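*Asks:* predicted model and sequence below, questions to follow.
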Amino acid sequence: MPAIHSKHNKMDPKPKVLGGVAILPFAAKHSKGPAPIPGPNVEVDIIDEAITYFKANIFFQTYEIKGDADKLLLYLTLFVHQCLLRMTRCSSKDAVLKEMYQLSIETFKLPMDAGFPLSSFYSPISSKRDSDELRAYLLQCRQEVSSRLAEIVIDKTTGKPSKWWMCFTKRKFLGKSLESAGSHR
């Protein structure tokens with residue numbers, strides 16, 4: 001079974017691309033920023049795709065990139081994994097929400113920066129303006145993913161992170177992780 005790819009690879013008109021990352025529209029429910037607003041024909045945005053496909057894609061050791069939307073999906077899948085790793089330290093809904101907010105606003109490497117686990121998949125950015133625009137977009141993506149994921153992962157009865165999500169912290173997507181051992185508290 002092949003890995004699941006983004007349905008946004010075939011988007012028409014083509015989205016803006018910065019450093020090989022597609023700047024895709026999504027419904028910003030929990031964040032503000034430069035992300036384009038989706039049109040009425042967009043049923044599932046890239047944030048929902050990243051969260052929905054995470055459990056399937058985490059098992060793959062290889063991933064064929066079929067478009068720039070897949071590169072954003074790669075980044076968001078690594079970020080979902082990082083979120084889940086951080087949630088393992090939390091014992092209540094409030095702690096999860098606080099940890100997710102902190103994680104989403106932390107300083108982070110752009111996907112094409114040296115030191116990013118999968119930087120070879122991305123192309124270099126030509127200007128500081130494009131770099132700042134991509135950073136602002138990814139910051140908004142991180143805020144949206146962490147907020148939506150917290151809503152899904154927190155068990156409604158116990159108020160703690162669900163064990164059915166936490167079991168995926170033991171796996172790494174493509175053998176990589178944004179969270180290095182001992183990197184946070």
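*Replies:* On my side now, so go ahead.

*Asks:* distance between the helix-or-strand element of the chain with minimal mean pLDDT and the chain's centre?
*Replies:* None of the helices or strands of the chain scores lower by mean pLDDT, DSSP states H and E than helix 163-166, at a mean of 88. Centroid displacement of helix 163-166 relative to its chain, using CA atoms, centre = their mean, to the nearest Å, is 18 Å.

*Asks:* CA-only coordinates of that helix in CSV, if you can.
*Replies:* This file holds the C-alpha atoms of helix 163-166, laid out as CSV (Å, rounded to 0.1, in the frame of the first residue of the first chain):
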residue,chain,number,x,y,z
LYS,A,163,-3.9,6.5,24.4
TRP,A,164,-5.0,5.7,20.8
TRP,A,165,-3.1,8.8,19.6
MET,A,166,-0.2,8.6,22.1
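
*Asks:* would you mark the buried spots in it?
*Replies:* Applying a neighbour-count criterion of 16 or more other CB atoms under 10 Å, one finds residue 165 buried in helix 163-166. C-beta: built from backbone N, CA, C; applies to glycine.

*Asks:* what packs against that helix?
*Replies:* helix 68-87, helix 128-153 (3 or more CB pairs under 8 Å, 6 or more residues apart in numbering; DSSP states H and E).
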